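Participant: Just to be clear, the model below is a prediction. Sequence and coordinates:
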Amino acid sequence: MGLTAPRAEASSSHQPIIIADQLQNIKGLLSAPISTLVDNSSEIKSTLEQVESQLPESLQVKLWPAGHLPFFQAEVKAAQQRIDARHSQASLKADIAQRCRTLNQKKATLDAKADISANITQLNLLEKELAGLEGKVRITQKLIQEEKASIANSKQEAQEMTEQIRAEFAEISTLSRQIVTGDDKDDDVIIARAAAVRTEAIHTIDEFLS
C-alpha cells in the first residue's frame with residue numbers, strides 16, 4: 001500500500017530524499033543471490049508498497065516484478081537442481097563410458113568364440129579320414145575328442161560370457177536412467193530470466209536516481 005499523506009509541518013522537499021533512501025534500500029536488497037530472492041522477496045515488496053504512490057507509474061511497472069520474484073522459485077530451484085545433478089554425475093558418466101568400452105571388447109571376444117564353423121569343418125574332415133584310414137583310428141579318434149572338447153569349451157565360455165554381458169548391460173541401463181537429461185544452457189536461460197528481472201530493477205533505480 002502507499003504511504004500516508006505527510007503532516008502539514010513536514011517539508012515536501014524531504015520526499016525525494018526519503019524515496020531515494022528507500023530505492024537505495026531496494027537496490028541493496030536486490031543485490032542478494034537470486035536463489036535467496038526467489039525464496040523470499042517480501043521485504044522488497046513491502047518497501048515498494050511504502051513508496052509506490054510517490055513513484056512514476058512507469059517506474060512502478062518496472063519495479064513491481066522485483067517484489068514478486070518467488071514467482072520464479074519452482075523454476076529456478078528445479079533448474080539449479082538439474083545443473084547440480086549433472087555436475088555431480090561426471091564420474092557416473094565416465095564409469096558408464098568405461099563399462100561400455102569393456103562390454104564392447106567382451107562382445108567382440110564372444111563373437112569370436114561363438115564362431116565354431118572352422119571347428120565343425122575340421123571335425124567333418126577328421127571323421128571322413130577315420131572311415132578311410134583304419135590304421136589311424138586311435139590317432140584320429142583322439143583328435144576328434146580334442147575338437148569336440150574345444151567346441152564344448154567354446155560353447156560353455158560363450159554361454160557364460162553371454163550371461164555376464166546381459167547382467168552388465170542391465171546394470172549399465174539402470175545407471176543410464178539416473179542421468180539427468182537436458183542441457184545446462186536451457187536451465188541457465190531460466191535462471192537468467194529471473195536474474196534479468198533483478199538487473200532491470202537495479203538499472204531502473206539507477207536511472208531514476210540519476
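Facilitator: In hand now; what should we look at?
Participant: and the nearest residue to Asp206 once chain neighbours are set aside, what element?
Facilitator: Among residues not flanking Asp206 along the chain, Lys27 sits closest, at 7.6 Å (Cβ to Cβ, 6 or more residues apart in numbering). (Each C-beta comes from the backbone N, C-alpha and C, glycine too.) With the criterion set as DSSP states H and E, the secondary-structure element containing Lys27 is helix 15-30.
Participant: in that helix, what's buried?
Facilitator: 19, 22-23, 25-27, 29-30 (16 or more other Cβ atoms under 10 Å).
Participant: Same question for stretch 183-200.
Facilitator: With the criterion 16+ other Cβ under 10 Å, stretch 183-200 contains buried residues 187, 190-191, 194-195, 197-198.
Participant: of the buried residues of helix 15-30, closest to Gly67?
Facilitator: Nearest to Gly67 out of these is Ile26 (Cβ to Cβ; 8.6 Å).
Participant: wait, what's in contact with the closest one?
Facilitator: With contacts defined as Cβ atoms under 8 Å, 6 or more residues apart in numbering, Ile26 is in contact with 44, 47-48, 63, 66, 201, 205.
Participant: of all those, which comes closest to Ser176?
Facilitator: Distance to Ser176, by Cβ to Cβ, is smallest for Ala66 among the contacts of Ile26, at 41.8 Å.
Participant: Verify the contact between that closest one and Thr47 for me.
Facilitator: No - taking contacts as Cβ atoms under 8 Å, Ala66 lies outside contact range of Thr47: 9.9 Å.
Participant: More neighbours: which of these two?
Facilitator: Between Ala66 and Thr47, counted using other Cβ atoms under 10 Å, Ala66 has the larger neighbour count: 25 against 18.
Participant: Skip the chain neighbours and tell me the closest residue to that one.
Facilitator: In space, not counting the residues next to it along the chain, Ala66 is nearest to Ala201; the distance is 3.8 Å by Cβ to Cβ, 6+ apart.
Participant: before we move on, the earlier item: quick one: the helix holding Lys27 to chain centroid distance?
Facilitator: Helix 15-30 has its C-alpha centroid displaced from the chain centroid by 40 Å (Cα atoms, centre = their mean, to the nearest Å).
Participant: tell me the average confidence for that helix?
Facilitator: Rounded to a whole number, the mean pLDDT of helix 15-30 is 82.
Participant: What are the contacting residues of the least confident helix or strand in the chain by mean pLDDT?
Facilitator: Taking mean pLDDT, DSSP states H and E as the measure, the chain has helix 117-132 as its least confident helix or strand, at a mean of 78. For helix 117-132, the external contacting residues (Cβ under 8 Å, 6+ apart) are 136-137, 140-141, 143-144, 147-148, 150-151, 154.
Participant: in the protein, which segments are predicted with low confidence?
Facilitator: Judged against pLDDT under 70, the low-scoring parts of the chain cover residues 1-17, 130, 133-137.
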